[in-house]
Structures are given as structure tokens and as C-alpha cells.
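> whatever this is, show me its structure:
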Amino acid sequence: MASANNILVVDDDSVVGMLVSAMARSMGLDCVVTKDAARCHTLVTEDTAVILLDLVMPGMDGIEVLRLLGEQQCKARIVLMSGMDKRVIETAKKLARTLGLSVVGSLQKPFGIEELQATLAEVAPTTAPASSEEKPKLEYPDAELFRAFEQDEFVNYYQPQINLMTGQVTGLEVLSRWIHPKRGVVLPEHFIARSEALGLIDKLCWITVEMALAEVKTIRNAQGSYPKLSLNASVYTLRDLKFPDRFMELLVRHGFPVGRIVIEITETGLIRELARTLDVLTRLRMKAIQLSIDDFGAGYAMMQQLQNIPATELKVDMSLVQNMHASNSDRVMVEKTVEMGHELGMEVIAEGVTTMEQVKLLQKMGCDAAQGFLFAKPLPCCELVRWLSNEGRQPLS
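All right, here's what the predicted structure looks like:
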């Protein structure tokens, strides 16, 4: 069933489309983007709640689109966007209302992210209902989580990253798992947030790093060289001004090459203490440690901070990758993310790859690497070593 929170963006500027789509997703809204104004009226359905329409476009302009929407008796709320004079926008609003259309706002270009967020929140306040297939997060008593740290119940799993041109393993993402004595393997989504709330996340970070640097020696022997290791770091950890020096001490002690380590950054909470976080991130880069922006496309904060963070890698969110064939807007977002990453001198990695069809599209776009169940699920060290020596892995051609 289609969502009742569909947003349609009609704009020939792909950056605007990408920004609005990312913002909409972060607010739990579905979004379709088109640069072809002539197709706009064919994309409007009874589930389209909001249309963001640029007035000045090549070919068919926004005024012509309003005329078509009026003939269609479109019931969606309309937000006009333009870099034209405000008086032009106001006249366009009056025209739309005479056509029986509901114009509920306007955005004068260039507009800021906060202004866009406020507009979307006002015109589409209801978020989409949660999927019936979505699994609820399991709740664990705090005492069990404290015990897990005391009893060393955390282990590392590793998911291979594959070069999309050569098919070779280029890196490994390190993922924490809790081995619960009764429930078995517990995924991070069930304990990371609570670990942060209880002030345990730094401890988990160092447990993960120490274990990875110890286990990578076995992995190196199986592969013949040190793989690139990608470690997820909480934004709470990245506010610790002592983090870069302590991290470097660990790398030196374990003899791990500095240039083969990547710190992955997610957007949650990053902006709250931007000065401290940028201090830490800049010092990490000065020490030759690589930085990756994780889950790019899932929200809007990273779009805002992209030019500030000295990242060397961009990871395309799996939700975009997995919907590339069904959604033109998702395909465009992946394509533009690859282009943008390369223009900024970054390597681009696609997450959540599950089909060869996705691989072919990513190769065509020039994406550098990918990870996902098509290649391998996250594996404990012993299973990863066996996987690395398996000659029957999924070929790329």
C-alpha cells in the first residue's frame, strides 16, 4: 500500500532534489524526485501529499506545471521554489489558487537546511507508519548489559568490502556483537543506544578496537597482507580530545599500518558539539587515519557537514542501494553521491548489496567498492578466515 506521506520534488537541480529527498527520509517521509517537469502530472497520485515545485526550469516551466495540475484537479499541498524575486513567487501563488490549487508555502533559493526542515514539518507533519515487517528492538535489563562488560561477552564480526572492478577484498568493516548467555548473538541495534545512555560506549569502542587489532594478524596471514579495517565510532567517543593520541598508541603497539585504518562516522549527534568533534577528526586525519561518512543519504545532517569533515570515504546508505531499480530518485541519488564523492576526492562504497543487478548498476556508475549479503554477511574471525580462502566466492562477472 502506498504511503500517505508521499512528497514529489520537481526541480532540474539534482542537488536540491537530493537534499529534499534526504531530509524527507530523515523525517520518515517517502519522496520521489524528477527533473522532467513534463512528467510531473504523471507522477502525482492520490497518495501524493506535498509537491515542491521549482518555477524556473528548462523546457516546461513551473507555471505550465501548475496549469497541468489545475486541469488534473490536484489535491496535494504545493510549495513553490525559486530564485526569482519574491513578487514573482507571490504572483505564481495567486495564479495557483485561481486554478484551484492549494499553495501552502514557498522557499526562495538558496534556502537553508533549517528552513527546509521547518517547511516540510509544517506541510507534512504526519510521519509514515512503521512497517508491519519491522522487528521491535529487544529490551535488556541494564544489569545484564553491565554484566556483559564484566564477563567479556562482546565479540567482533567482520563484513568484507569488495572492489567492484577487480572483485578483490579491499577492506573489512568491524561490527560488534553481544554473545548473550541465553539469547545468543545480539545485534548492535539492541544494545548500542543503551550503552551510550549508560556511559558505556567508550568502553565498548576500546574493546572493539583492541580485539580487531589482535585478530587482524590471523586475517592478514589468511589474506597475505593487512586489510583495510573500518571501525565505527560513536559521536560520544569522537568528542574525547584524547581519542586521537590514545588510538595512535594502540596502532603502534599492535604494529598496524596507520594508513589502513578507517574511522566510520554516523550523523547522529554529530552537530551537537561540532567544535570538539571537528578538533578530533582533523587530528585523526593529520595522523593519516582515514575517515568515512557512513549511511550517506539516510538523513540530512551529513549533507550539511560534508564540506567540513575531512573525510576520505563516503558510504552510500543501503536503503538507497536496495531500491535503485524500483525508485528512479534512489538511483539518481546513488549516482550523484558517487559523482560528488569522487569530485571531493573520496572513495565511495555502497552498502547492502544483495543482487548482481545492483552490482552492474554500481559498476556503471563508477562506484569503487561494495559490501552486502551478496558477497558475505558479517562473520566472526574464524569463519572469515575460511571465507577468505574459499575460491568459490561470488564472481562479479
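> what's the local residue count around residue 273?
By other Cβ atoms under 10 Å, 15 other residues sit near residue 273. For glycine as for every other residue, the C-beta is placed from the backbone atoms N, C-alpha and C.
> return the residues in contact with it.
Going by Cβ atoms under 8 Å, 6 or more residues apart in numbering, residue 273 touches residue 239.
> give me the domain ranges for this protein.
Domains of the chain are assigned by automatic domain parsing as 6-123, 142-388.
> switch the ones you listed over to CSV; also include distance to residue 396.
Putting the domains of the chain into CSV (distance: least, Cβ to Cβ, whole Å) gives the following:
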stretch, distance to residue 396
domain 6-123, 27
domain 142-388, 4
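> okay, now the unreliable bits of the stretch 1-150 of the chain?
Within the stretch 1-150 of the chain, the stretches with pLDDT under 70 are 1-5, 125-137.
> residue 278 falls within a strand, correct?
No. Counting by DSSP: H, G, I helix; E, B strand; the rest coil, one finds residue 278 to be helix, located in no strand.
> name the single longest helix found in this structure.
In the chain, ranked by residue count with DSSP state H as the criterion, the top helix is helix 201-223.
> name the surrounding residues that touch that one.
Residues contacting helix 201-223 (Cβ under 8 Å, 6+ apart): 149, 152, 154-156, 158, 169, 172, 174, 176, 192, 195, 226-227, 229, 231-234, 236-237, 240, 247, 250-251, 254, 256, 381, 384-385, 388-389.
> which SSE is residue 28 in?
If you go by DSSP states H and E, residue 28 is not part of any helix or strand.
> what's the separation between it and residue 7?
11 Å (Cβ to Cβ, to the nearest Å).
> neighbour count for those two, which is higher?
residue 7 (27 against 14).
> might one say that the more buried one is in contact with residue 44?
No. Using Cβ atoms under 8 Å, residue 7 is not in contact with residue 44, being 11.4 Å away.
> mutual contacts of those two, please.
Taking Cβ under 8 Å, 6+ apart as the criterion, residue 7 and residue 44 both touch residue 51.
> going by secondary structure, the residue most central in space within the chain is in what exactly?
Nearest to the mean C-alpha position of the chain, counting by Cα atoms, centre = their mean, stands residue 295 at 2.2 Å. According to DSSP H and E, residue 295 maps onto strand 290-296.
> ok, now which ones touch residue 248?
258, 287, 289.
> filter these down to the buried ones, PyMOL style.
In PyMOL, a selection of the buried entries from the contacts of residue 248 looks like this (16 or more other Cβ atoms under 10 Å):
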select buried, resi 289
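> report the separation between residue 182 and residue 144.
9 Å.
> right, I mislabeled it, should have said residue 85
For residue 85, the distance to residue 144 equals 62 Å [Cβ to Cβ].
> tell me which of those two has more neighbours.
Ranked by neighbour count (other Cβ under 10 Å), residue 85 and residue 144 place residue 144 first, with 16 against 10.
> just to revisit the earlier point, what's the PyMOL line that selects buried ones from the contacts of helix 201-223?
To isolate in PyMOL the members of the contacts of helix 201-223 that are buried, counting by 16+ other Cβ under 10 Å, one can use:
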select buried, resi 149+154+155+156+158+169+172+174+176+192+195+226+227+229+231+232+233+234+236+237+240+247+251+256+381+384+385+388
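> could you list which of the contacts of helix 201-223 belong to strands?
Among the contacts of helix 201-223, DSSP state E puts 154-156, 158, 169, 172, 174, 176, 229, 231-232 in strands.
> between those, which sits nearest residue 64?
residue 232 (48.1 Å; Cβ to Cβ).
> ok, residue 368 - how many residues close by?
By the criterion of other Cβ under 10 Å, residue 368 has 21 neighbours.
> once you drop chain neighbours, what's closest to it?
With sequence-adjacent residues excluded and distances taken as Cβ to Cβ, 6 or more residues apart in numbering, residue 368 is closest to residue 347, at 4.8 Å.
> for residue 29, give me phi and psi.
phi -110, psi 150 (degrees, to the nearest 10).
> and the gap between it and residue 142?
Distance, residue 29 to residue 142, using Cβ to Cβ: 34 Å.
> those two: who's more crowded?
More crowded of residue 29 and residue 142, by other Cβ under 10 Å: residue 29, with 22 against 11.
> how near is that one to residue 159?
The value you get for residue 29 to residue 159, if Cβ to Cβ is used, is 29 Å.
> could you do residue 38 as well?
Remark: distance between residue 38 and residue 159 (Cβ to Cβ) = 43 Å.
> higher neighbour count, these two?
Between residue 38 and residue 159, counted using other Cβ under 10 Å, the more crowded position is residue 159 (20 against 13).
> so the more buried one sits against residue 373, correct?
No. In this structure, residue 159 is not within contact of residue 373 by Cβ under 8 Å, at 9.1 Å.
> how many neighbours does the closest residue to residue 104 other than its chain neighbours have?
Nearest residue to residue 104 in three dimensions, chain neighbours excluded: residue 77, at 4.5 Å (Cβ to Cβ, 6+ apart). By other Cβ under 10 Å, 19 other residues sit near residue 77.
> which residues pair with residue 77 across the strands?
Beta-bridge partners recorded for residue 77 (DSSP bridges): residue 50, residue 102.
> that one reaches residue 102, doesn't it?
Yes. Using Cβ under 8 Å, residue 77 is in contact with residue 102, at 5.2 Å.
> show me which residues of the longest helix of the chain are buried.
Result for helix 201-223 [16+ other Cβ under 10 Å]: buried residues 201-202, 204-205, 207-209, 211-213, 215-216, 219, 223.
> identify the farthest-apart pair in the ones in strands among the contacts of helix 201-223.
Pairwise distances across the ones in strands among the contacts of helix 201-223 peak at 24.3 Å for 154 and 169 (criterion: Cβ to Cβ).
> tell me what the helix or strand hosting residue 283 is packed against?
Here residue 283 is covered by helix 274-286, with elements defined by DSSP H and E. In terms of contacts (3 or more Cβ pairs under 8 Å, 6 or more residues apart in numbering; DSSP states H and E), helix 274-286 is packed against helix 243-254, strand 290-296.
> which residues touch the next helix or strand after the first one?
Beyond helix 243-254 on the C-terminal side, the first helix or strand identified by DSSP H and E is strand 261-265. For strand 261-265, the external contacting residues (Cβ under 8 Å, 6+ apart) are 171, 173, 228-233, 235, 238, 251, 281, 284, 289-294, 309, 311-313, 315.
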